[in-house]
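>>> Predicted model and sequence follow; I will ask about them next.
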Amino acid sequence: MGGGLTPTVVDMDTIVSLCKRRGFIFQSSEIYGGIQGVFDYGPLGVELKNNLKKLWWRHNVYERDDMEGLDASILMNRRVWKYSGHEDTFVDPMVDCKLCKGRFRADKLGESQCLLHSKLHPGECEGELTEPRAFNMMFRTQVGPVADDESFAYLRPETAQGIFVNFKNVLDSTNRKLPFGIAQIGKAFRNEITPRNFIFRVREFEQMEIEYFCRPEEAEGAFDAWVKDHVDFWVNEVGLDREKLRLYEVPESDRAHYSKRTIDIFYQYPIGWEELEGIANRTDYDLGSHSRQQDSLGVQAQVIPNEHTTEKLTYFDHTTNKHVVPFVVEPSAGVDRGVLAALCEAYDEETLENGEKRVVLRLKPALSPIKVAVLPLKKNTPEIVAMAKSIKNELQKGGQMRAVYDDTAAIGKLYRRQDEVGTPFCVTVDFQSLEDQTVTVRDRDSMQQARLHINELKAALQDRLDS
Ligand code: ATP
């Protein structure tokens, strides 16, 4: 279902150039020529990304009764990845071109370019491709000063395993009853064969994952509920157009080794319909694999006998007086793919009545990096400048609202700059402000202006941001 160019409002180059120009996203180590598939978030990007993570955490942890949070480490005992199945099966099919010597992901040739002919995909030129072979995507690193076969660890390729191996710790420390879930946001690393399309497919990224533990018979219902809930999250909280989201039932042949069922939420990116989030029924595969004596626990999935772990990752059901290995439903979304979707969705170009063009990022205010910009009408009038700076300081107090002060251009240009980065409100201080303590509040989307007394400004802005 992925790939294939679909006509969309904005193209990727426009987004990439806006991100660089306005300080959202930069290529990593750019001054040394960069490093493929790795990006840095700049002053505005870090705010946008943090705001998305905050929204997700609020929606999935604070606004529910059945969730806990966790922040597990990136480095883990190597055996985690042996028993999770990743050492053997976390692979992508790779092909080599015998002519240009490029290496490509065999199932994503449409995303790759021939190294000799940039307009062609691998296999479309005269170069012959090898048969696909398995390439394990986990990065290895050495732990401790001695380098031998036992001293290495992997950079985690998903955050999920940190949740599974802490299942007992969370259960024992919180006394949770099934069903309940654990949420985590954190970095994941995959040595993608062909990182591409800006921050869409990268080698270092962040995931927002939930492992939702339930009785086996509850898993199907929980699965459907999470799919619906998360489509609603992307629409209602992040502001994505429902028409640009699609559900894709992943066929068995394409599912991960642990999954009994997977539905991907696809978003219509400028590069076509691509995965934003995956929701999987991981059954009892992971808790079973990380448990000792799993044979006697009635584990249903095919798991490797595990003689290394010290734990049984089970739940004691007081109603049946039996230990069960819970089933797990996992909604797993990429933060970076969420940021990219939010940017593409919000980007708008508008021709004004006077014929001028304005670029406006119609981000949901909760996502906007800057909530309010305070601008002096005249930067050469010290009283106006002083008043504008003092209003900015007042607004930012308490840390609820990211406010900035800017006097580096004429007012019209300052408005455009804020429109382009999605700032919902601009406050302008002028001569009248000095007389009657009122300021102009300009709304990003409608460009309507209203005068407010400075005493009511903060509450009024907060109100509008909250709604
Ligand atoms: P794809 O098929 O696009 O490679 P996947 O099915 O391997 O993705 P999952 O393992 O389900 O991805 O990971 C969960 C989520 O993590 C994805 O929906 C995506 O948002 C994000 N993600 C996975 N790989 C990457 C990557 N290389 N770069 C950015 N985000 C990623």
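Perfect, I can see it now.

>>> contacting residues around residue 317?
Listed by C-beta atoms under 8 Å, 6 or more residues apart in numbering, the contact partners of residue 317 are 178, 215, 323, 324. To be clear about C-beta, it is placed using only N, CA and C from the backbone, and glycine gets the same treatment.

>>> Now, the residues you listed that are in strands?
Among the contacts of residue 317, the members falling in strands (DSSP state E) are 323, 324.

>>> Show me the beta-bridge partners of the residue in the stretch 201-350 of the chain that the ligand sits nearest to.
Per C-beta to the nearest ligand atom, residue 334 is where the stretch 201-350 of the chain lies closest to the ligand, at 2.4 Å. Beta-bridge partners for residue 334, by DSSP bridges, are residue 207.

>>> What distance do you get for it to residue 262?
Noted for residue 334: a distance of 15 Å to residue 262, by C-beta to C-beta, to the nearest Å.

>>> Let me see the contact set for the residue most central in space within the chain.
By C-alpha atoms, centre = their mean, the chain has its centre lying nearest to residue 335, at 0.7 Å. Going by C-beta under 8 Å, 6+ apart, residue 335 touches 49, 52, 53, 185, 205, 206, 207, 208.

>>> Domain parsing of this protein, as residue ranges.
Segmentation of the chain into domains, based on automatic domain parsing, reads 2-88+139-342, 91-136, 370-466.

>>> Show me which of the contacts of residue 317 are buried.
With neighbours counted by 16 or more other C-beta atoms under 10 Å, these contain buried members at 178, 324.

>>> and the ligand, which of the contacts of residue 317 contact it?
Among the contacts of residue 317, no residue lies close to the ligand (C-beta under 6 Å from any ligand atom).

>>> Can I get the contacts of residue 317 in TSV including distance to residue 389?
Conversion of these to TSV gives the following (distance: C-beta to C-beta, whole Å):
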residue	distance to residue 389
178	55
215	59
323	64
324	62
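
>>> my read: residue 124 touches residue 114, true?
Yes: between residue 124 and residue 114 there is a contact at 6.8 Å, judged by C-beta atoms under 8 Å.

>>> Contact partners for the closest residue to residue 77 other than its chain neighbours?
Of all residues not flanking residue 77 in the chain, residue 153 sits nearest, at 7.5 Å (C-beta to C-beta, 6 or more residues apart in numbering). Residues counted as contacts of residue 153 (C-beta under 8 Å, 6+ apart) are 75, 76, 77, 78, 140, 141, 142, 143.

>>> By neighbours, which of those residues wins?
residue 76 (17 neighbours; other C-beta atoms under 10 Å).

>>> Contact partners for that one?
Applying C-beta under 8 Å, 6+ apart to residue 76 gives the contacts 153, 154, 156, 161, 162, 165.

>>> Make JSON lines out of the residues you listed and add pLDDT.
Listed next are the contacts of residue 76 as JSON lines, based on pLDDT from 0 to 100:
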{"residue": "153", "pLDDT": "95"}
{"residue": "154", "pLDDT": "97"}
{"residue": "156", "pLDDT": "98"}
{"residue": "161", "pLDDT": "97"}
{"residue": "162", "pLDDT": "98"}
{"residue": "165", "pLDDT": "96"}
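
>>> Which of those fall in strands?
Per DSSP E, the contacts of residue 76 map to strands at 153, 154.

>>> possible to save the contacts of residue 153 as TSV with secondary structure and pLDDT?
Converted to TSV, the contacts of residue 153 look like this (DSSP: H, G, I helix; E, B strand; the rest coil; pLDDT from 0 to 100):
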residue	secondary structure	pLDDT
75	strand	97
76	coil	96
77	coil	93
78	helix	92
140	strand	94
141	strand	95
142	strand	93
143	coil	93
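
>>> of all the residues you listed, which comes closest to residue 103?
Residue 103 has its nearest neighbour among the contacts of residue 153 in residue 140, at 18.2 Å by C-beta to C-beta.

>>> Look up how far residue 157 lies from that closest one.
Where residue 157 is concerned, residue 140 sits at a distance of 11 Å (C-beta to C-beta).

>>> Could you list the low-pLDDT ranges of the stretch 351-467 of the chain?
For the stretch 351-467 of the chain, no stretch has pLDDT under 70.

>>> OK, now which residue of it is nearest to the ligand?
For the stretch 351-467 of the chain, C-beta to the nearest ligand atom, closest residue to the ligand: residue 367, 17.2 Å.

>>> coming back round to it: from the contacts of residue 153, which is closest to residue 110?
Of all these, residue 110 sits closest to residue 140, with 29.6 Å by C-beta to C-beta.

>>> Could you give the bridge partners of that closest one?
Per DSSP bridges, the residues bridged to residue 140 are residue 154.

>>> which ones are touching it?
152, 153, 154, 155.

>>> can you pull out the helices in the stretch 201-350 of the chain?
Here the stretch 201-350 of the chain has its helices, by DSSP state H, counting those that start in this stretch, at 219-232, 285-289, 335-346.

>>> Let me have those helices in JSON lines, extended by distance to residue 118 and mean pLDDT.
Output for the helices of the stretch 201-350 of the chain, formatted as JSON lines (distance: least, C-beta to C-beta, whole Å; pLDDT from 0 to 100):
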{"stretch": "helix 219-232", "distance to residue 118": "36", "mean pLDDT": "98"}
{"stretch": "helix 285-289", "distance to residue 118": "42", "mean pLDDT": "91"}
{"stretch": "helix 335-346", "distance to residue 118": "23", "mean pLDDT": "98"}
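
>>> In a markdown table, list the ones you listed along with distance to residue 410.
Shown next, in a markdown table, are the helices of the stretch 201-350 of the chain (distance: least, C-beta to C-beta, whole Å):
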| stretch | distance to residue 410 |
| --- | --- |
| helix 219-232 | 43 |
| helix 285-289 | 59 |
| helix 335-346 | 25 |
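
>>> So residue 124 and residue 114 - more neighbours on which side?
residue 114 (21 against 12).

>>> Secondary structure class of that one, three-state.
coil (DSSP: H, G, I helix; E, B strand; the rest coil).

>>> try residue 37
Of the three states, residue 37 takes coil according to three-state DSSP.

>>> Now for it, how many residues are close by?
There are 19 residues near residue 37, going by other C-beta under 10 Å.

>>> So which residues of the stretch 251-400 of the chain form strands?
Secondary structure of the stretch 251-400 of the chain (DSSP state E, counting those that start in this stretch): strands at 261-269, 272-283, 315-317, 322-324, 327-334, 347-351, 357-361, 372-376.

>>> Distance from the longest one to the middle of the chain?
It stands for strand 272-283. Put simply, strand 272-283 sits 13 Å off its chain's centre (C-alpha atoms, centre = their mean, to the nearest Å).

>>> Identify the neighbouring strands of that strand in the sheet and state each direction.
strand 261-269 (antiparallel), strand 327-334 (antiparallel).

>>> Mean neighbour count and mean pLDDT for those - can I get that in JSON lines?
Listed next are these as JSON lines, based on neighbours: other C-beta atoms under 10 Å; pLDDT from 0 to 100:
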{"stretch": "strand 261-269", "mean neighbour count": "21", "mean pLDDT": "98"}
{"stretch": "strand 327-334", "mean neighbour count": "25", "mean pLDDT": "98"}
